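Requesting a structural model of the entry that follows:
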Amino acid sequence: MGKQMTEMLKGTLEGIVLAILSVQPAYGYEITTRLREQGFTDIAEGTVYALLVRIERNGLVEVEKVPSEKGPPRKVYSLNVPGRQYLEEFWTTWGFLAERLGQLKDEGQ
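Residues are numbered from 1 along each chain as shown. This next block holds a predicted model:
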C-alpha cells in the first residue's frame, strides 16, 4: 500500500471498522481478518487495536468480555446506537465526497 493510500485510510478506517461491526460483533483479530479479506492487507493489527480503544472511549461500541479457549477473555465489540448514528453520518459524508471526487475526475478527462 502506498503512502497516499495510508494517509487516506487514516481518515476513513474508523468508519470502515464500524461498518464491519454493523454486520456482526467481532473481536480485534476478527476485525483485522475481515479488513484483509476486503483488500486492506497492509493494515497492522496494532492499528486496529488502537482504533478499537478510541471508538470504545468515544462510546461508539459496546464491549463484552467473552471467555477464550486460549489465554485471557476476548473483548467482543458491537455497534451501539451512537455508533450506528456515527456510521450513518460517515456514509453520508463518504457519499458526498465520492460524488464530488467523481465530478472532478470527469471534468479533468
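
tell me which residues of stretch 29-40 are tucked away?
Using 16 or more other CB atoms under 10 Å as the test for burial, stretch 29-40 gives Glu30, Ile31, Thr32, Arg34, Leu35, Phe40. C-beta coordinates here come from the backbone N, C-alpha and C atoms, glycine included.

My error: substitute stretch 73-92 in the last question.
Per 16+ other CB under 10 Å, stretch 73-92 contains these buried residues: Arg74, Lys75, Val76, Tyr77, Leu79, Gly83, Tyr86, Leu87, Phe90.

Okay, and which of those residues map to helices?
By the criterion of DSSP state H, membership of these in helices covers Gly83, Tyr86, Leu87, Phe90.

Adding pLDDT and secondary structure, write the buried residues of stretch 29-40 out as CSV.
CSV is the format used below for the buried residues of stretch 29-40 (pLDDT from 0 to 100; DSSP: H, G, I helix; E, B strand; the rest coil):
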residue, pLDDT, secondary structure
Glu30, 95, helix
Ile31, 96, helix
Thr32, 95, helix
Arg34, 96, helix
Leu35, 95, helix
Phe40, 89, coil
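
Output the lowest-mean-pLDDT helix or strand in the chain as CSV, restricted to C-alpha atoms.
One helix or strand of the chain scores below all others by mean pLDDT, DSSP states H and E: helix 3-23, with a mean of 89. Taking Å, rounded to 0.1, in the frame of the first residue of the first chain, the C-alpha atoms of helix 3-23 are listed here in CSV:
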residue,chain,number,x,y,z
LYS,A,3,1.8,6.4,1.2
GLN,A,4,-1.2,8.1,-0.4
MET,A,5,-3.4,5.1,0.5
THR,A,6,-2.1,5.0,4.0
GLU,A,7,-2.9,8.7,4.5
MET,A,8,-6.4,8.4,3.1
LEU,A,9,-7.1,5.4,5.3
LYS,A,10,-6.2,7.3,8.4
GLY,A,11,-9.4,9.4,8.0
THR,A,12,-11.7,6.5,7.0
LEU,A,13,-10.6,3.5,8.9
GLU,A,14,-12.8,4.2,11.9
GLY,A,15,-15.9,4.2,9.6
ILE,A,16,-14.7,1.1,7.9
VAL,A,17,-14.3,-0.7,11.2
LEU,A,18,-17.7,0.5,12.3
ALA,A,19,-19.2,-0.8,9.1
ILE,A,20,-17.7,-4.2,9.8
LEU,A,21,-19.2,-4.2,13.3
SER,A,22,-22.6,-3.2,11.8
VAL,A,23,-22.7,-6.6,10.2
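
Having no further points to raise, I will conclude here.
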